[in-house]
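# 3D, please:
(one chain, ligands or ions: 2)
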Amino acid sequence: MPAYYPAFIDVKNRCCVVIGGGNIGEEKVVKLLDCDASVVVISPEVNEGVSSLANDDRIVWHKREYQAGDLEDAFIAIAATDDNKVNRAIAAEAKERNVLLNVVDVTHLCTFIAPSVAIRGDVTVAASTGGASPALARKFRELLDGSPIESSHPLMDYAELTPLLADVRSEIRSKGITLATDHWQACITDNLLETVLDGRYGEARSTLLDDLMKGVGCECESGVCKMWEEKKALAYSKAGASS
Ligand SMILES: C[C@@]1(CC(=O)O)c2cc3[nH]c(cc4nc(cc5[nH]c(cc(n2)[C@H]1CCC(=O)O)[C@@](C)(CC(=O)O)[C@@H]5CCC(=O)O)C(CC(=O)O)=C4CCC(=O)O)c(CCC(=O)O)c3CC(=O)O
Ligand SMILES: NC(=O)C1=CN([C@@H]2O[C@H](COP(=O)(O)OP(=O)(O)OC[C@H]3O[C@@H](n4cnc5c(N)ncnc54)[C@H](O)[C@@H]3O)[C@@H](O)[C@H]2O)C=CC1
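Ligands and ions are numbered 1, 2, ... in the order given. Predicted structure coming up:
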């Protein structure tokens, strides 16, 4: 199994070619459109969803079979046909042209694989088992996001802190202040989250700024955060007491 390199790809306005326009092809097309990709579908037949996206000019549909050369302008490509011979030909062209390719459910032909994804606001949590168990990748999503048999995990609530943290980060940066990286971690607390979830944004903002400013002009050595070290020592002593 390859050691897959995890990455997020910016597909905005880039040509993404999807070969095969059945239900699985449609799922891939919709996810690409959600990321503002410029999508081309090549498929002799398509399902209703793909057909209506083509009618609305949201995608370009070439109503024919794949042919060599179709990946010429592709930034990335996804093969979702039901024909293995075609998938292999697409993989050969992708290799030749250095185009990143996902062949749905055919791991050895993929140069990138699809993770299972939980999204809340600006936070995306992507889970992959590297192909070992796609069912487990889905389990991670359902444990985070919820499903008919799983309630959603409170970890995803932390995503609600993004607007506040982005806002305060830009203020701190505009003042030319640099904080020890661990100091940020010491300041992103359950209490801060509760305040935000409670709708008290202003209070959360001033608490966060106050806490962050404790990391400026403090007596910590460069790159070290005393607040973090204290919290770490407390966590270790609690763990020690309970074992
Ligand atoms: C390598 C990879 C390549 C790729 O397709 O990108 C791949 C390969 C294969 N999948 C197979 C089967 C299943 N795939 C799923 C589900 C998902 N599969 C996805 C990704 C991936 N699947 C990539 C690796 C992901 C990773 O592990 O990191 C997800 C995460 C994302 C997505 O597809 O968008 C999506 C869940 C999305 C969600 O719900 O959140 C389920 C479960 C279900 O549908 O409930 C089953 C049945 C149970 C099982 O087998 O686990 C088979 C056997 C096919 C056969 O038997 O013929 C192969 C081929 C093989 O193993 O040889
Ligand atoms: N349907 C499902 O739940 C799942 C399907 N898969 C796999 O994903 C693939 C696609 O699945 P579906 O969308 O359900 O299949 P589908 O049969 O509905 O769609 C396949 C599409 O490929 C097109 N196609 C066939 N030959 C082609 C060629 N030479 N060039 C271009 N397009 C061509 C067909 O016209 C059709 O639109 C299959 O290999 C399937 O095994 C994987 C996971 C789940």
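# pLDDT weak spots in the chain?
Where the chain drops to pLDDT under 70, the residues are 219, 223, 243.
# please redo it, this time with the cut-off set to 90
Within the chain, the stretches with pLDDT under 90 are 1-2, 148-152, 178-183, 214-243.
# longest strand of it?
strand 38-46 (DSSP state E).
# so, in contact with ligand 2 or not, that strand?
Yes: counting by CB under 6 Å from any ligand atom, contacts between strand 38-46 and ligand 2 involve 42, 43, 44, 45, 46. Just so you know, the C-beta spots here come from the backbone N, C-alpha and C atoms, and that holds for glycine as well.
# contacting residues around the second one?
For residue 43, the contacting residues are 18, 19, 20, 21, 22, 25, 50, 61, 62, 63, 81, taking CB atoms under 8 Å, 6 or more residues apart in numbering as the criterion.
# And the helices in the chain?
Here the chain has its helices, by DSSP state H, at 23-34, 48-55, 84-97, 134-145, 162-174, 181-187, 190-197, 201-213, 226-242.
# can I get the ones you listed in a markdown table with distance to ligand 1 and mean neighbour count?
Putting the helices of the chain into a markdown table (distance: least, CB to the nearest ligand atom, whole Å; neighbours: other CB atoms under 10 Å) gives the following:
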| stretch | distance to ligand 1 | mean neighbour count |
| --- | --- | --- |
| helix 23-34 | 7 | 18 |
| helix 48-55 | 16 | 16 |
| helix 84-97 | 11 | 16 |
| helix 134-145 | 3 | 16 |
| helix 162-174 | 22 | 14 |
| helix 181-187 | 28 | 18 |
| helix 190-197 | 25 | 16 |
| helix 201-213 | 32 | 15 |
| helix 226-242 | 31 | 12 |
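# Compile the ones you listed into CSV and extend it with columns for distance to residue 2.
Formatted as CSV, those follow (distance: least, CB to CB, whole Å):
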stretch, distance to residue 2
helix 23-34, 21
helix 48-55, 31
helix 84-97, 14
helix 134-145, 15
helix 162-174, 32
helix 181-187, 31
helix 190-197, 37
helix 201-213, 41
helix 226-242, 35
